[in-house]
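Novice: got a predicted model here, sequence first, then my questions.
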Amino acid sequence: MNPRSTEFTVRRVLVALDASAHSLAALEMALDLAVVAKAELVGLFVEDANLLRLAESPQAREVLYPSAQQRPLTLATMEQRLRAQGEQARRAMASLANPAQVRWSFRVVRGEVNAEVLAAAAEMDVLALGKTGWSLAAQAQPSPTAPTASQHSPQALLLVQQGLPFRRQVLAVVSSAENLQPTLNVSARLAQVYGNRLVVLLSTTRHSIAEELSHEASALLKQESEHLHVHFRQIRGIDLLSVAHAVQAESGGILAISESACSTETVKLLLHHLGTPIFLVR
């Protein structure tokens, strides 16, 4: 087998921010990747046009917490809150990126969230998102941007859920020589941030193929770094149950997987059900 010759290069990382804890967790991990890849970090905050249209309605109300009292919701109030959220996101990015000496920029746009995030991502190598959140209307709900981004994002999608601790290691799923190099290339870089620990999950029922893939992976990883601690585990397939069992057996970590290695439905299941951070290589 000959691995793909195209190298996955990380030059620009886009993180979509909404000032929620989940998007800030995505910012921290995106910063880690930007540091090790010497990449530029770009922050984006979208002033949600749907919320602004809602605030224009004469019937719009907001419920105060914890009193549960209602009062009219105005366009001016909504614009003020979105500006405050955007500034909060910008300050959070500056507080992390400046000490890390990472090249960074931040911009605010107004429009439909999915469309604006994907339009900005078209110029990037990696799109980082919080798994849940986005604006006042989506607290504690799976991010509606994530499933769309998994199909239309650039080279890779990084999806992070705040509050769920994970072991500082990377779990890379490979099933063939075709998805070996792009997956391991970025996995090795991530592993340099998280203790140089990399677990390669070999998806095949045949031991001979697993051995062949492990030899190719070892040769490729030696070119990436001499300091990686690499462990191989054979799994029966790339389905939610097999991957979740492997993640649990290895005590968690960041899951790196190529979109070409599994079906669209499996990608959706992994994004929805796995609490571990996911790096989806397209």
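Specialist: Okay, I see it.
Novice: what's the helix or strand hosting V267 packed up against?
Specialist: Element membership for V267 (DSSP states H and E) is helix 264-273. When contacts are defined as 3 or more C-beta pairs under 8 Å, 6 or more residues apart in numbering; DSSP states H and E, helix 264-273 packs onto helix 145-152, helix 240-249, strand 278-281. C-beta: built from backbone N, CA, C; applies to glycine.
Novice: now do the strands in this protein.
Specialist: Listed in chain order, the strands of the chain (DSSP state E) span 12-17, 40-48, 61-63, 70-72, 104-111, 126-130, 156-160, 170-174, 197-203, 229-235, 254-258, 278-281.
Novice: lowest-confidence stretch among those?
Specialist: In terms of average pLDDT, strand 61-63 trails the rest of the strands of the chain, at a mean of 70.
Novice: gap between the two ends of stretch 54-70?
Specialist: 16 Å (C-alpha to C-alpha, to the nearest Å).
Novice: again, but for stretch 221-230
Specialist: Stretch 221-230: ends 9 Å apart by C-alpha to C-alpha.
Novice: buried ones in it?
Specialist: L221, E224, L228, V230 (16 or more other C-beta atoms under 10 Å).
Novice: mind listing which of these are in helices?
Specialist: Among the buried residues of stretch 221-230, DSSP state H puts L221, E224 in helices.
Novice: can you tell me which of the buried residues of stretch 221-230 is closest to A34?
Specialist: Closest to A34 out of those is E224 (17.5 Å), distances taken as C-beta to C-beta.
Novice: quick revisit: next one: the helix holding V267 to chain centre, how far?
Specialist: 14 Å (C-alpha atoms, centre = their mean, to the nearest Å).
Novice: on that earlier part again, now the strands of the chain in CSV, with distance to T264?
Specialist: Below are the strands of the chain laid out as CSV (distance: least, C-beta to C-beta, whole Å):
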stretch, distance to T264
strand 12-17, 21
strand 40-48, 25
strand 61-63, 38
strand 70-72, 42
strand 104-111, 26
strand 126-130, 17
strand 156-160, 13
strand 170-174, 16
strand 197-203, 17
strand 229-235, 20
strand 254-258, 13
strand 278-281, 11
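Novice: out of these, the one nearest E216 is which?
Specialist: Of all the strands of the chain, strand 170-174 comes closest under C-beta to C-beta, at 9.1 Å.
Novice: which strands border that closest one, and is each parallel or antiparallel?
Specialist: Strand pairing for strand 170-174, using DSSP bridges, gives strand 197-203 (parallel), strand 254-258 (parallel).
Novice: P99 and L31: what is the separation?
Specialist: 10 Å (C-beta to C-beta, to the nearest Å).
Novice: mind checking which of the two has more residues around it?
Specialist: In this view P99 and L31 are compared by other C-beta atoms under 10 Å, and L31 has more residues nearby, 23 against 9.
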